[in-house]
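# Fold the following, please.
(chains A, B and C)
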Amino acid sequence: MSTAVKPGPETTAIAAARTRRRLAWPAWGWSLVGVLLVWGCIVAVRPGAPLDPLMQAFSLAPFLVLVALGQMLVITLGPGNIDVSVGTVISMSSYVSVAVSASAGPVAGLLAAVAAGAAAGAVSVVAILLLRVPPIIATLATSLIVTSGTLLLADANRAGADPALRAFVNAKIAGIPVIAIVVALVTVLIALMLTRTRFGLSVVAVGQSARAAERAGLRVKTVTASAYLVCAAFAGLAGGLLAAFISPSTVLGSSYMLDSIAVVVIGGTLISGGRPVPVGAWTGAMFFVLLSGLLNLVGWSIGAQNILKGVLVVAVVIISTAATGTGRSTLARFRDALHLGKKETING
Amino acid sequence: MTTTAAAPRRSASRPRLADRLTTGAAHGSPALLSLVALIVIFSIAVANQPGILSVPGLTLMLMSAVPLVFAAQAQMLIMSVGDIDLGIGFLVGLVTVIAATQLGANPVLGIGMLVGIVAVYALLGLLVQRRGVPSIIVTLGMSFVWLGLGLQLLPTPGGAAPEWLAQLGSWRPNWIPAPLVFIALATLVGWYLARRSRIGMRMRALGSSAATLDKSGRSLTGTRVAAYALAAGLAVIAGLLLAAQTRSGDINSASNFTLMTIAAVILGGGTFSGGRALPVGATLGAVTLGLITVLLSLVNLSSSLQSAAQGLIVLAVLAGRVITERFTR
Amino acid sequence: MSSTATEPAVTDAASRREPDTVVAHGVTKRYGSTRALNGVDLAVGPGEILGLVGHNGAGKSTLMRMLAGREQPDEGRISWRGGGGRWDARAAAAAGVRMVYQELALCADLTVAENAALSDPRPPRPGWRGTAERRIAEVLDTVFPGHGISVIRRAGELPMAERQMVEIARALCTDHLGLLILDEPTESLGVDATRQLYAHLKSLVSGGVSVLLISHRMQEVLEHSDRIAVMKDGAVVEIVDSAGATESALLTAMGGEVRADSGALARAAEVTGAVSAGAVSAGAVSQGSAETIAELRTGDGPAFRIAAGEIVGLAGLAGQGQEDVLARLWRGGRGVRAPKHRSYVPGDRQTSGILPLWSVAENLTISALAAVSRFGVVDGRAKRELARRWISALRVRGEAGTPITALSGGNQQKVLVARAFASDARLVLLDDPFRGVDVATKNELYALMKAEAAAGRAVVWYSTENGEMAHCERVYVFRSGRIVSELAGETNTEERIIADSFDDATGGAR
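You can find the predicted model right below:
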């Protein structure tokens, strides 16, 4: 393509890209539509106090959002990267949090929960980077080890959650749970980190192409290790908080493994990596929590709910996976077609 | 390995039996690690319980490994094309549930369901190849579908396996431990599918170098679909045998199979990148891991620590792989 | 050699009784902005070995893929034995076109026999494994007597030479062979096996099979082919009868240097002289500017060195060890001395260059983040300013916020070059980055590189386009994984590079 100043296909593509930026439909848009739809259904099934289900969701969703944010970082690292140990880490750190806060106070308890999560993450990192085990197997093995830790702690521990922590996770300001506000702040911090810090940008770059990132001089291994550690630490924090919100249990976190992955994918984060959508963790989590509420309301069994979740994950992955290799999802192209009303060239 | 008698003139470079044996041994050498591990674990078990060295003793000891060996062969087929199946644990569990609830009461529906599972797997293979979706996410999502279906059919463990299946499970010849027969059968089936048949060759070619398979004019999609469907068939057999042993259905009865089968394939010399299928190695790996579970209960390890022991053993095996690779290079 | 035959060789073939086996009529192929083939006319007659020679990027491989039906021409057509119809992979397979790939298309995890069975067009029978073993063993015995290859071993376990033999034998595992295309078949074969291969090719063509032989070993092509087609810049520039042709004539036709004497001894002496001459002028350069900042050894050849302020070229045929030097300089390790701050411009934009989901500015600044951030937090304004400066300096089409994938290849490459130079790297490594980039863009980038080198950076530049090497102060020519000559000043000419990269005497292969 020549650089002469004449409107070639490249100019059109650049112009189209400019238009697209202005009209851009956010990646989390569909999950927001989902949230509104499910909310609408709940209100239709049980009219009266339409805001109640939303407020309930706001008190449940923050924990899922925390886990999903960590999972998002890991998934953003690119194909094959996933942390399936988050569920068991949550269960384990719930006991850690309770045990430590009984003797050293709630803050120390939460910190211990985070540390316990990070320790589990360190096991995964060693397996992934030193033993060159695929992340899925490494984190699966980690989750087995963590399960034993949970069982041992459960045998030893008879303490209840710290009252101060319990008060904190249940506190509300103007009807909105404090924990939701705190997690919203964390989401903002993560979003800023991903766009404004060297670490965040490196995570995103590695996810788009590990080879290109390595050639651009980024430390791929350090970035990978950090993302897994952060993910496990977030799961630990979520476990520490959940211990106070519900109560420690060996199955406390088991549903969070698939849920966190589903939330990340539904929230618009690319499963093939390189495009994190922090806001999507919120819309995705709200969608899931509300959907769960709706299904319980209409009397679906646990089994049916699992089937729906599984099908939903597979369907969203199939629809959104970029078959082109450029990271452009089919859905995005479909969206562009709707907006611009014509097919356009993406590659110059 | 056969030599065709039809060869008109014996070519100078057609390998003789001795060559075949040494080459076969060299190709199988990655499985040596699991053979050594198997002997060590077996020795420890015998030292603890000398009664194992009898037909009933071996039967008891090896029984739990039978479904695992079939599932490991299934995982081996999937891994030979370079994918990983994360749904196999709940899939096997679902098959036990179907066996315990449908096969006896309503055989047509039950068999229809099992065929349906194979069809769904074929579809998954199609999706992975055509859409380029990662197999781990798709199979992970499907594992929850299997779990949900199992819970729908049978919310709590129970039911009853049909009589013919129960009889198969209680078959006890007194000259050979019955599990050995099943294990040998599983290995033979896996060996035929992966190493002997043309489709198995294509599957390994797909995992080894998809571009080469494409250049030689074979269908990549067909190959991957076949791998998934055959693997599903083996997983169904694994579930039926598990139901034959327990005589009941439980969706969670095989949930640790997912990791165990992957570890068995790797322990047996397989690779994550695909292209290689060592059925004997996968069997040795599965038996080793099955025996470890038995051994852990023999040495009275607290039940809380058993899953950690499994996880650590899997990591140790993978570490062993890294070390042996370094030595053989 | 006096007749520069841009006309198709169809006229040649008219004198024969049978129609040509395969004919390319005015075949043109474009990849993006590059023309890989530019109206190629070529005919391969029955019972003929046609040699095909040319330097990097002349279009040999593309033409070969066209003739094998693996790609379709943009313009022109391919006809088989004078017939019409669509020429695709299926038609080619049915007609008996077999190909020996240069990059060795064997599955490493499959046995020799299985690899052969995979591409065998004959329908399978029960006992296919035994049949496949017998067939490939027979072919191997026929073509390479005494080869010593066990057909039940995995292809990945075999040494390169044996793998090459298997690749050749596998292509011959068929009942009806019409056209055999060989792409650098003797690259890793030993002397005996090479002789055996050519003997077998002779017996094949006497049975009416056509052979297209692509090789950069001039002596072999001259000795064994009936006619030789020379390609240059995507076109066949000359077709000669090999009986009257000489190596220097072929080199001239493909753009190489004319030498008075093509004898190996004389050439070897000349090359030795060239190395010392190059070393002298290089010494002058180092004295004038700065100390050597990077150094490494390759094989038993001369060592690689570069000083600050220098642009050093890595030339020769593709895949002779240049990438290895770049990779070692980039990763560091034993026997390598390189400055701490380095940057890399990859040649393969799509897989190891661009970050496809990002904008131009984000792609451009990713390597330079350290300079525009404090405590790990990136200063947005400084980053935008940096991007803006480079975008305007290199006149990248589009704005900072334009997605990188909306740009053309040339403009993407500008961004990648800017990325490397926007960082604080002292050593910049270029991995053949200007393939498929238009001339105007190239000139801008050359100017940039010179300016940056003048400012004290060292630039190592691997290129498959010999013309680009004129922009380098010194050039190392590679052959068989080692440096065979060092050119500088007067000796740094395209003709010399071509001559040295084909030079068997320096390559040591024969």
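# SS state for residue C:87?
Following DSSP: H, G, I helix; E, B strand; the rest coil, we place residue C:87 in the coil state.
# And it, how far from residue C:71?
Look at residue C:87 and residue C:71: by CB to CB, to the nearest Å, they are 10 Å apart. Every C-beta, even on glycine, is put in place using the N, C-alpha and C of the backbone.
# Between those two, point out the one with more neighbours.
Taking neighbours as other CB atoms under 10 Å in any protein chain shown, residue C:87 and residue C:71 compare with residue C:87 leading, 23 against 17.
# Quick check: phi and psi on the more buried one?
phi -110, psi 90 (degrees, to the nearest 10).
# pLDDT score assigned to it?
For residue C:87, the model assigns a pLDDT of 87.
# Now it: closest residue in space, sequence neighbours ignored.
Spatial nearest neighbour of residue C:87, excluding adjacent residues (CB to CB, 6 or more residues apart in numbering or on different chains): residue C:78 at 4.3 Å.
# residue contacts, the one you found?
C:22-25, C:27, C:66-67, C:69, C:87 (CB atoms under 8 Å, 6 or more residues apart in numbering or on different chains).
# and of the residues you listed, the nearest to residue A:143?
residue C:69 (51.1 Å; CB to CB).
# Would you double-check that the closest one falls in a strand?
No. Using three-state DSSP, the assignment for residue C:69 is coil, not a strand.
# and it, how many neighbours?
Neighbour number of residue C:69 under other CB under 10 Å is 22.
# was I right about it contacting residue C:98?
No. With contact defined as CB atoms under 8 Å, residue C:69 does not count as touching residue C:98 (11.6 Å).
# one step back: tell me the confidence at the residue nearest to residue C:87?
89.
# which element is it on?
Assigned by DSSP states H and E, residue C:78 belongs to strand C:75-80.
# Using CSV, list the CA coordinates for that strand.
C-alpha atoms of strand C:75-80 as CSV (Å, rounded to 0.1, in the frame of the first residue of the first chain):
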residue,chain,number,x,y,z
GLU,C,75,-3.7,-13.8,-12.9
GLY,C,76,-2.6,-16.4,-15.5
ARG,C,77,-3.2,-20.1,-15.3
ILE,C,78,-1.5,-23.4,-14.9
SER,C,79,-2.3,-26.2,-17.5
TRP,C,80,-1.5,-29.8,-17.2
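# helices and strands around whichever helix or strand comes after it, which ones?
Proceeding N to C from strand C:75-80, the next assigned helix or strand is helix C:89-95, under DSSP H and E. Applying 3 or more CB pairs under 8 Å, 6 or more residues apart in numbering or on different chains; DSSP states H and E, one finds that helix C:89-95 contacts strand C:75-80.
# shaky segments in chain B?
B:1-14, B:327-329 (pLDDT under 70).
# And the residue nearest the centre of it?
residue B:72 (1.4 Å; CA atoms, centre = their mean).
# quick one, phi/psi of it?
phi -70, psi -40.
# try residue B:268
According to degrees, to the nearest 10, residue B:268 has phi -80, psi 10.
# which residues sit in contact with it?
B:30-31, B:34, B:72, B:76, B:278, B:280-286.
# Mind telling me what element the residue of the stretch 151-300 of chain B found nearest chain A is part of?
The minimum distance from the stretch 151-300 of chain B to chain A, using CB to the nearest CB, falls at residue B:151 (3.0 Å). Per DSSP H and E: residue B:151 is located in helix B:135-153.
# Give the next helix or strand downstream of that helix.
Downstream of helix B:135-153 (by DSSP H and E), the next one is helix B:163-169.
# The helix or strand that that next one is followed by: which residues count as buried?
Once the chain leaves helix B:163-169, the next helix or strand it forms, by DSSP H and E, is helix B:178-191. The neighbour-count check on helix B:178-191 (16 or more other CB atoms under 10 Å in any protein chain shown) flags B:178-180, B:182-183, B:186-187, B:189-191 as buried.
# could you dump these to JSON lines with distance to chain A?
Formatted as JSON lines, these follow (distance: CB to the nearest CB, whole Å):
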{"residue": "B:178", "distance to chain A": "30"}
{"residue": "B:179", "distance to chain A": "25"}
{"residue": "B:180", "distance to chain A": "29"}
{"residue": "B:182", "distance to chain A": "27"}
{"residue": "B:183", "distance to chain A": "24"}
{"residue": "B:186", "distance to chain A": "23"}
{"residue": "B:187", "distance to chain A": "23"}
{"residue": "B:189", "distance to chain A": "25"}
{"residue": "B:190", "distance to chain A": "21"}
{"residue": "B:191", "distance to chain A": "25"}
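# can the residues you listed go into a markdown table with extra columns for distance to residue C:431?
Putting these into a markdown table (distance: CB to CB, whole Å) gives the following:
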| residue | distance to residue C:431 |
| --- | --- |
| B:178 | 61 |
| B:179 | 57 |
| B:180 | 57 |
| B:182 | 55 |
| B:183 | 52 |
| B:186 | 49 |
| B:187 | 48 |
| B:189 | 48 |
| B:190 | 44 |
| B:191 | 45 |
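# Among the residues you listed, which one sits closest to chain C?
residue B:191 (12.6 Å).
# residue contacts, the nearest residue to the closest one once chain neighbours are set aside?
Leaving aside its chain neighbours, residue B:191 sits nearest to residue B:279 (4.1 Å; criterion: CB to CB, 6+ apart). Residues in contact with residue B:279, defined by CB under 8 Å, 6+ apart, are B:73, B:76, B:187, B:190-191, B:194-195.
# where's the residue of the stretch 151-300 of chain C found nearest chain B, which helix or strand?
Nearest to chain B, among the residues of the stretch 151-300 of chain C, is residue C:152, at 5.1 Å (CB to the nearest CB). Of the helices and strands defined by DSSP H and E, none includes residue C:152.
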